[in-house]
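Visitor: quick one, fold the following:
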Amino acid sequence: MSEEDFVELNFRLFDGSDMGPFRYSQASTVAMLKERIVAEWPKDKKFAPKSANDVKLINAGKILENNKTVAQCRMPFGELPKGVITMHAVVQPALAKPKTEKKVDETPKKSMCSCSIL
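Guide: Have a look, this model is predicted:
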């Protein structure tokens, strides 16, 4: 692979700190990037992703899809050929499924209706 087939990516975390830069092939998928982010996540951070599904990558204001490659996610303008691309890495844990148990109120309800005619 030639030097042009690689790109340097930097990941900006929620607190403004950065991870990287890391070198990736332009054929790398967003899912591969997320796996590396989870593996390299700083241990001292309050929020940490448990899996790659907990990470959302944002580049140029767009959330990147897992099946896209790095080459498909690059902006066509505004990037220097040998520059480092910064992507935002946001931790968004998968929502826990709500419990289906219903709380049963055992006290009987009294219907009180009143009308006032003035």
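
Visitor: for the rest of this, base every contact and every neighbour count on C-alpha atoms.
Guide: Will do.

Visitor: chain center to the longest helix seen in the chain, what's the gap?
Guide: For the chain, the helix with the greatest residue count under DSSP state H is helix 30-40. Between the centre of helix 30-40 and the centre of its chain there are 11 Å (CA atoms, centre = their mean, to the nearest Å).

Visitor: buried stuff in that helix?
Guide: Neighbour-count burial for helix 30-40, counted by 16 or more other CA atoms under 10 Å, picks out 30-31, 33-34, 37-38.

Visitor: pull it out as PDB, backbone CA atoms only.
Guide: The C-alpha trace of helix 30-40 is given here as PDB (Å, rounded to 0.1, in the frame of the first residue of the first chain):
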ATOM      1  CA  VAL A  30     -16.100   2.800  10.900                       C
ATOM      2  CA  ALA A  31     -16.800  -0.400  13.000                       C
ATOM      3  CA  MET A  32     -13.100  -1.100  13.000                       C
ATOM      4  CA  LEU A  33     -12.400   2.400  14.300                       C
ATOM      5  CA  LYS A  34     -14.900   2.000  17.000                       C
ATOM      6  CA  GLU A  35     -13.400  -1.300  18.200                       C
ATOM      7  CA  ARG A  36     -10.000   0.400  18.500                       C
ATOM      8  CA  ILE A  37     -11.500   3.300  20.400                       C
ATOM      9  CA  VAL A  38     -13.100   1.000  22.900                       C
ATOM     10  CA  ALA A  39      -9.700  -0.900  23.300                       C
ATOM     11  CA  GLU A  40      -7.700   2.300  23.700                       C
END
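
Visitor: so what does it touch, helix or strand wise?
Guide: Judged by 3 or more CA pairs under 8 Å, 6 or more residues apart in numbering; DSSP states H and E, helix 30-40 is in contact with strand 55-59.
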